[in-house]
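Undergrad: Sharing a sequence plus its predicted fold:
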Amino acid sequence: MKAYVFPGQGAQFVGMGKDLFDHSALARDMFEKANEILGFRITDLMFAGTDEDLRQTNVTQPAIFLHSVILAATLGDGFKPDMVAGHSLGEFSALVANKTLSFEDGLRLVSARARAMQKACETEPSTMAAILGLDDTKVEEICASIEEVVVPANYNSPGQLVISGSLKGIEVACERLKAAGARRALPLKVGGAFHSPLMEPARAELADAINATHFSTPICAVYQNATAQKVVDPAQIKVNLIAQLTAPVLWTQIVQHMIADGADNFIEVGPGNVLQGLISKIGKEVTVSGA
């Protein structure tokens, strides 16, 4: 069975999507529609901007979404997913790919998400760190022992967990996790503590936009970040999507559940190949490739 997966923030690069724009009339139409919806020419920043341009949350998130969704659209009849999932932001791409959301509504929600998250980051300085080579339960235990806000945020693959929290909380956690035997505890260059309680103001803001948007019954199940379970009910998809901003990304569990449900061919749709690497570590018996 084919599982299509969609990357999240961090996969962006200058020039992303230009090949699609140059070689596909459908892609050009979708990119121009995006420029119109966003109110600025995101294509200029994607195709010929700077790394700094692409690091701005209000650019990064729509850019990755557009690259992923437009690439999926250009696959035409070759795009036949049995199931879909996306990592963090990528969940919105997955929901357009499986027809839960229209392209236009998906882009509007991603743009609203980016603005809300940027605002939350500016209100309370915070950050994230990647922890390598330590058991998940040990990371959870140490995070819970710290008085500052610090929580597991991304369960990326066995032995690779990203934590999220206050600046002080992450600093203390990195020290304690290294002392406990972590191979690396690496602070990340991100705008804030994504997938943590510090994103609550953004979650509340995005909830209004999600609840005001029409969600259709999808053509196949989506495995959602907040629960790792497959979902086809539009009302439940909304609930889980709202929870996503403050809940951890259960990527390891998502891939395990997809494999248990028959997925043996994973195809990453979007910039980069990060998810292919993670999936290879989670399920060594499956095939992985890019679209």
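TA: Here it is on my side, so go on.
Undergrad: Arg184 reaches Gly133, doesn't it?
TA: Yes - using Cβ atoms under 8 Å as the test, Arg184 is close enough to Gly133 to be in contact (6.8 Å). Any C-beta I mention is one placed from the backbone N, CA and C, and that applies to glycine too.
Undergrad: CA-only coordinates of the helix or strand hosting Leu186, as CSV, when you get a sec.
TA: Element membership for Leu186, per DSSP states H and E: strand 184-187. As requested, the backbone C-alpha atoms of strand 184-187 are provided in CSV (Å, rounded to 0.1, in the frame of the first residue of the first chain):
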residue,chain,number,x,y,z
ARG,A,184,24.0,15.0,21.5
ALA,A,185,21.7,17.7,22.9
LEU,A,186,21.7,20.3,20.1
PRO,A,187,19.8,23.6,20.4
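Undergrad: Do a quick rundown of the strands in the stretch 101-250 of the chain.
TA: Counting by DSSP state E, counting those that start in this stretch, residue ranges of the strands within the stretch 101-250 of the chain are 126-132, 150-157, 160-166, 184-187, 221-223, 230-231.
Undergrad: what pairs with the shortest one, and is each one parallel or antiparallel?
TA: So that's strand 230-231. Strands flanking strand 230-231 in the sheet, each with its direction: strand 221-223 (antiparallel) (DSSP bridges).
Undergrad: Report the contact partners of the closest residue to Asn154 other than its chain neighbours.
TA: Beyond its immediate neighbours in the sequence, the residue positioned closest to Asn154 (Cβ to Cβ, 6 or more residues apart in numbering) is Val162, lying 3.8 Å away. Residues in contact with Val162, defined by Cβ atoms under 8 Å, 6 or more residues apart in numbering, are 128-131, 152-154, 156, 188.
Undergrad: Looking at strand pairing, list the partners for Val162.
TA: According to DSSP bridges, the partner residues bridging Val162 are Ala130, Asn154.
Undergrad: which parts of stretch 139-157 are buried?
TA: Going by neighbour count (16 or more other Cβ atoms under 10 Å), the buried part of stretch 139-157 is 139-140, 142-143, 146, 149-157.
Undergrad: ditto for stretch 79-94
TA: Within stretch 79-94, the residues that count as buried by 16+ other Cβ under 10 Å are 79, 81-94.
Undergrad: How about stretch 159-169?
TA: When neighbours are counted by 16+ other Cβ under 10 Å, the buried residues of stretch 159-169 are found to be 159-166, 169.
Undergrad: now swap in stretch 260-273 and tell me
TA: 263, 266-272.
Undergrad: For that stretch, measure first residue to last.
TA: Chord length of stretch 260-273, first to last residue, is 23 Å (Cα to Cα, to the nearest Å).
Undergrad: what mean pLDDT does that stretch have?
TA: Per-residue pLDDT over stretch 260-273 has a mean of 96.
Undergrad: and if you look at stretch 52-65?
TA: Taken as a whole, stretch 52-65 has an average pLDDT of 91.
Undergrad: Ok, stretch 280-290 next?
TA: When pLDDT is averaged along stretch 280-290, the result is 94.
Undergrad: Ile70: neighbour count?
TA: Residue crowding around Ile70 was assessed by other Cβ atoms under 10 Å; the count is 25.
Undergrad: pretty sure Pro62 contacts Ala114?
TA: Yes - with contact defined as Cβ under 8 Å, Pro62 counts as touching Ala114 (6.6 Å).
Undergrad: the more surrounded of those two?
TA: Between Pro62 and Ala114, counted using other Cβ under 10 Å, Pro62 has the larger neighbour count: 26 against 23.
Undergrad: residues contacting the more buried one?
TA: The contact partners of Pro62, taken as Cβ under 8 Å, 6+ apart, are 34, 38, 42, 107, 110-111, 114.
Undergrad: again, but for Ala243
TA: For Ala243, the contacting residues are 203, 226, by Cβ under 8 Å, 6+ apart.
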